[in-house]
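Visitor: Return a 3D structure for these sequence lines:
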Amino acid sequence: MLTVELNKKGEAVEIFFDEAGAELLKRYIDDALKHRDHYHLMTPEWAGSELSSDRQGLENELIHHLRVACI
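Guide: Here you go, the predicted model:
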């Protein structure tokens, strides 16, 4: 499980994950570093499968698209 959410109260981005979600995010970051590339992680609503649509913060707004980029 990996989800990215906007906390409207604190105007902060929050990332929630379990062990599998942490490994997935780490893999994308490692690949971006290795290949000097970028990746798009999305929820099923946005035709992806990397991010979960199960919001963790009750008042948070779900973010459906995360771009991981090495510059």
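Visitor: what residues are up against residue 60?
Guide: Contact partners of residue 60, counting by CB atoms under 8 Å, 6 or more residues apart in numbering, are 5, 6, 7, 8, 14. C-betas here are computed from N, CA, C, even on glycine.
Visitor: Find the pair from those with maximum spatial separation.
Guide: Spatially, the most separated pair among the contacts of residue 60 is 8 and 14, at 10.7 Å (CB to CB).
Visitor: So these two - more neighbours on which side?
Guide: residue 14 (14 against 11; other CB atoms under 10 Å).
Visitor: re the thing from before, quick check, nearest of the contacts of residue 60 to residue 50?
Guide: residue 5 (14.8 Å).
Visitor: Bridged to the closest one, which residues?
Guide: residue 14, residue 62 (DSSP bridges).
Visitor: With residue 23 as the reference, measure out to it.
Guide: Separation of residue 5 from residue 23 (CB to CB, to the nearest Å) stands at 20 Å.
Visitor: Look at these two and report which has more neighbours.
Guide: residue 5 (18 against 11).
Visitor: what residues are up against residue 37?
Guide: 31, 69, 70.
Visitor: how about 10 Å then?
Guide: Residue 37 sits next to 28, 31, 68, 69, 70 when contact means CB atoms under 10 Å, 6 or more residues apart in numbering.
Visitor: My read is that the first one contacts residue 42, right?
Guide: In other words, residue 28. No - judged on CB atoms under 10 Å, residue 28 makes no contact with residue 42 at a distance of 12.0 Å.
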